[in-house]
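> missing the sequence, but the structure's below:
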């Protein structure tokens, strides 16, 4: 029976992964700059006032570097022959799940809808039953889509790290997910983004 799963870390060369990873990174920098969206860590998108182009580069670059270094040092502890480029490729490619969410939320119709929903919820914070049912359904659809993008991010991250650190243990993957969640929460708490 044919293998029905796609694993870019097995099916693609190291150079191709790096190239696609940097192309995706550059695309995300441009998109965050022109859509007035800020990626806070790997897991959070926020609509903000227009910023300078270098703030998008700094924020995404800082996120990629922080995640790569954390996962690289963890991988070295587990497997001393882990290569930095393998971990970098994993982090760059895993972010494609979040880039899809960024792209969809940057579409003007979706962006305007999300902003209007934010104001609608704030206006009806005392009585949420006054929020129209169609708006609630659309919020749920976008919420499920967002969760799906997060799941893709973590699936790609764990698939790549499993290969990068030559891991056969499922516990390593749980630790990787927890480390990324903790790091991104810490980065948002410290507010090192511009």
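Thanks, I have it. What you are looking at is a predicted structure, and each value in this text was computed from that prediction instead of being measured.
> now for this structure: which helix has the highest residue count?
Across the chain, the longest stretch assigned as helix under DSSP state H is helix 133-164.
> tell me the angle of the helix or strand just after it relative to helix 133-164?
Counting by DSSP states H and E, the element after helix 133-164 in chain order, helix or strand, is helix 170-190. Using axes from the mean of the first three to the mean of the last three CA atoms, to 10 degrees, the interaxial angle of helix 170-190 with respect to helix 133-164 works out to 120 degrees.
> quick one: contacts of helix 170-190?
Helix 170-190 is contacted by residues 40-44, 62-63, 66-67, 70-71, 74, 78, 154, 157-158, 161-162, 165, 167, 193 when judged by CB atoms under 8 Å, 6 or more residues apart in numbering. All C-beta atoms are positioned from the backbone trio N, CA, C, and that covers glycine.
> what do you get if the cut-off is 6 Å, keeping everything else the same?
For helix 170-190, the surrounding residues in contact (CB atoms under 6 Å, 6 or more residues apart in numbering) are 40-43, 70, 154, 158, 161.
> buried residues in that helix?
Buried residues in helix 170-190, counted by 16 or more other CB atoms under 10 Å: 172-173, 176, 179-180, 183-184, 187.
> same check, this time on stretch 26-37
Using 16+ other CB under 10 Å, the residues of stretch 26-37 that count as buried are 28-29, 31-33, 35, 37.
> do the same with stretch 149-168
Of the residues in stretch 149-168, those buried under the neighbour-count criterion (16+ other CB under 10 Å) are 149, 152-154, 156-162, 164-165, 167.
> can I get the buried residues of helix 170-190 in TSV with distance to residue 138?
Formatted as TSV, the buried residues of helix 170-190 follow (distance: CB to CB, whole Å):
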residue	distance to residue 138
172	38
173	34
176	33
179	34
180	29
183	32
184	27
187	30
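> output the residues you listed as a markdown table; include the columns distance to residue 126 and pLDDT.
Putting the buried residues of helix 170-190 into a markdown table (distance: CB to CB, whole Å; pLDDT from 0 to 100) gives the following:
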| residue | distance to residue 126 | pLDDT |
| --- | --- | --- |
| 172 | 47 | 90 |
| 173 | 43 | 91 |
| 176 | 41 | 94 |
| 179 | 39 | 95 |
| 180 | 36 | 94 |
| 183 | 36 | 93 |
| 184 | 32 | 90 |
| 187 | 33 | 88 |
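> quick one on the thing from earlier: nearest to residue 88, of the buried residues of stretch 26-37?
Sorting these by how near they are to residue 88, with CB to CB, puts residue 28 at the top with 15.4 Å.
> which non-adjacent residue is nearest that closest one?
Sequence neighbours aside, residue 99 is the residue nearest to residue 28 in space, at 5.0 Å (criterion: CB to CB, 6 or more residues apart in numbering).
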